[in-house]
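Enquirer: Structure here, sequence nowhere to be found:
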């Protein structure tokens, strides 16, 4: 039985195959609109989410399957103190596949011990969010036409940003990749991520505290939010917050071939004026998320077309 | 300093200097009623300095715990005052309910019946991580 807890559970070959299927879904959606008939996806969201849950549900419905679940812990037996293991033991008798989000790190690992159906981790606290990374990879593959030979700038909160850690882990397996790490000193990439996925693999990288200085060199700019609550004092936050806001002015310095990505939700880190720039692909990115989840659900249910 | 030789028990020798206290705690030796001697910073030809723990009592010792703290330590089993066995120590692949995850965001912090399991994820750097949240173990 297949499960997906961490993006590194998937080999590069498996990811490439999922991207290939997602590409075919985009090109020929009608071919797939009934392939999961009589299959049920349970979306167990122990904490609220908009895009991820709706994207999973839209993916399953577009495959002809059905969905059930809950969208916050208060509307489930978790509110009565039921353990994750017990919830999963019950739900796996009602559904063919489970996508779960939980605020506690490692909750999907507990789910695996009791589930009789495949488990997809739809985010466990600040730990893993593998379907976001698959979304990012499909976006890069579509928008750039390749997954290797890219200079990728990751900008903002690199310390707590799980999407950034997973993206670096996933991209570090493709040839010719170079990273540019753009963040305030307070929010720089944790040393274990840098060691395991960049230094140990001999991948070239540079660090910068200025987006302005490096934007012109990038193929991809992956933006994340610098959050006020991450700073020890207000002064530092006020001093730094604007340097990591992407504006039309900064975009003038970027290459015509740049793509700007963001896992969303965006607050103020990308000016809305940038949205109409064809290089801004974060809303297209959210759309790709549905297609890669369709490919993933099919793969985990063993559905071939 | 005089420490009586032991009759029946164990001598954990060649412990890296400074590590005996961690081993003492993790093995739960503070809960024993039999005599336990801890010698720290003893002179060693091979190691320069080393720690030694002598336990004068026939108890169950978790070799995995010793392997986790210092895989280069040696364990001598003593019966009636004589050395009867030398046990090999290796780094365990997994430790169950020996270390406890301190990450407040880990699922083990709210679901308290879950076993705390740490797995060796990097043999070269001897790094153990919580199987749930990947938090690194600290000695």
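Expert: Done, it's in. All of these numbers come straight from a predicted model, not from anything done at the bench.
Enquirer: Quick one: residues contacting the spatially most central residue of chain A.
Expert: Nearest to the mean C-alpha position of chain A, by Cα atoms, centre = their mean, lies residue A:132 at 1.6 Å. Residues near residue A:132 by Cβ atoms under 8 Å, 6 or more residues apart in numbering or on different chains: A:52, A:123, A:163, A:166, A:263, A:289. Quick note: C-beta positions are derived from backbone N, CA and C, even for glycine.
Enquirer: Tell me where the stretch 1-150 of chain A has strands.
Expert: Listed in chain order, the strands of the stretch 1-150 of chain A (DSSP state E, counting those that start in this stretch) span A:40-45, A:66-70, A:97-102, A:119-124.
Enquirer: Kindly report the same for the stretch 151-300 of chain A.
Expert: Counting by DSSP E, counting those that start in this stretch, the stretch 151-300 of chain A has these strands, from start to end: A:151-155, A:178-182, A:205-208, A:220-223, A:259-261.
Enquirer: Dump these into JSON lines; add distance to residue A:247 and mean neighbour count as well.
Expert: Formatted as JSON lines, those follow (distance: least, Cβ to Cβ, whole Å; neighbours: other Cβ atoms under 10 Å in any protein chain shown):
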{"stretch": "strand A:151-155", "distance to residue A:247": "13", "mean neighbour count": "24"}
{"stretch": "strand A:178-182", "distance to residue A:247": "15", "mean neighbour count": "23"}
{"stretch": "strand A:205-208", "distance to residue A:247": "17", "mean neighbour count": "16"}
{"stretch": "strand A:220-223", "distance to residue A:247": "12", "mean neighbour count": "27"}
{"stretch": "strand A:259-261", "distance to residue A:247": "12", "mean neighbour count": "24"}
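Enquirer: Can you redo those as a markdown table, where the extra columns are mean pLDDT and distance to chain B?
Expert: As requested, these are exported to a markdown table (pLDDT from 0 to 100; distance: least, Cβ to the nearest Cβ, whole Å):
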| stretch | mean pLDDT | distance to chain B |
| --- | --- | --- |
| strand A:151-155 | 97 | 20 |
| strand A:178-182 | 98 | 21 |
| strand A:205-208 | 97 | 20 |
| strand A:220-223 | 98 | 22 |
| strand A:259-261 | 98 | 25 |
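Enquirer: Closest residue of chain A to chain B?
Expert: Going by Cβ to the nearest Cβ, chain B is nearest to residue A:106 of chain A, at 2.4 Å.
Enquirer: Verify the stated contact: that residue with residue B:106.
Expert: Yes. If you go by Cβ atoms under 8 Å, residue A:106 and residue B:106 touch, sitting 5.6 Å apart.
Enquirer: how about the contacts of residue A:132 in TSV, adding pLDDT and neighbour count?
Expert: Below are the contacts of residue A:132 laid out as TSV (pLDDT from 0 to 100; neighbours: other Cβ atoms under 10 Å in any protein chain shown):
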residue	pLDDT	neighbour count
A:52	94	21
A:123	93	26
A:163	90	22
A:166	93	24
A:263	93	26
A:289	97	26
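Enquirer: Quick check: neighbours shared by residue A:106 and residue B:106?
Expert: Joint contacts of residue A:106 and residue B:106 (Cβ under 8 Å, 6+ apart) are B:130, B:132, B:133.
Enquirer: so the second one, which of the three states?
Expert: So that's residue B:132. coil (DSSP: H, G, I helix; E, B strand; the rest coil).
Enquirer: ok, which residues in chain B are in contact with chain A?
Expert: B:103, B:105-111, B:113-114, B:130-134, B:136 (Cβ under 8 Å from any Cβ of the partner chain).
Enquirer: and with 6 Å instead?
Expert: B:105, B:106, B:107, B:110, B:111, B:132, B:133 (Cβ under 6 Å from any Cβ of the partner chain).
Enquirer: Report the central residue of chain B.
Expert: Mean-position check on chain B, Cα atoms, centre = their mean. Result residue B:66 at 3.0 Å.
Enquirer: More neighbours: which of residue A:106 and residue B:106?
Expert: residue A:106 (30 against 25; other Cβ atoms under 10 Å in any protein chain shown).
Enquirer: what pLDDT does the closest residue to that one other than its chain neighbours get?
Expert: Closest residue in space to residue A:106, ignoring its immediate chain neighbours: residue B:132 at 2.4 Å, by Cβ to Cβ, 6 or more residues apart in numbering or on different chains. Residue B:132 is assigned 96 on the pLDDT scale.
Enquirer: before we move on, what about residue A:10?
Expert: 97.
Enquirer: One more: residue A:252?
Expert: At residue A:252, pLDDT is 97.
Enquirer: Same question for residue A:80.
Expert: So, for residue A:80, pLDDT stands at 73.
Enquirer: Can you get me a residue count around it?
Expert: By the criterion of other Cβ under 10 Å, residue A:80 has 6 neighbours.
Enquirer: Then residue A:190?
Expert: So residue A:190, with other Cβ under 10 Å, has 12 neighbours.
Enquirer: I figured the residue nearest to residue A:106 was touching residue A:108, is that so?
Expert: No. Taking Cβ atoms under 6 Å as the definition, residue B:132 is not a contact partner of residue A:108, at 9.0 Å.
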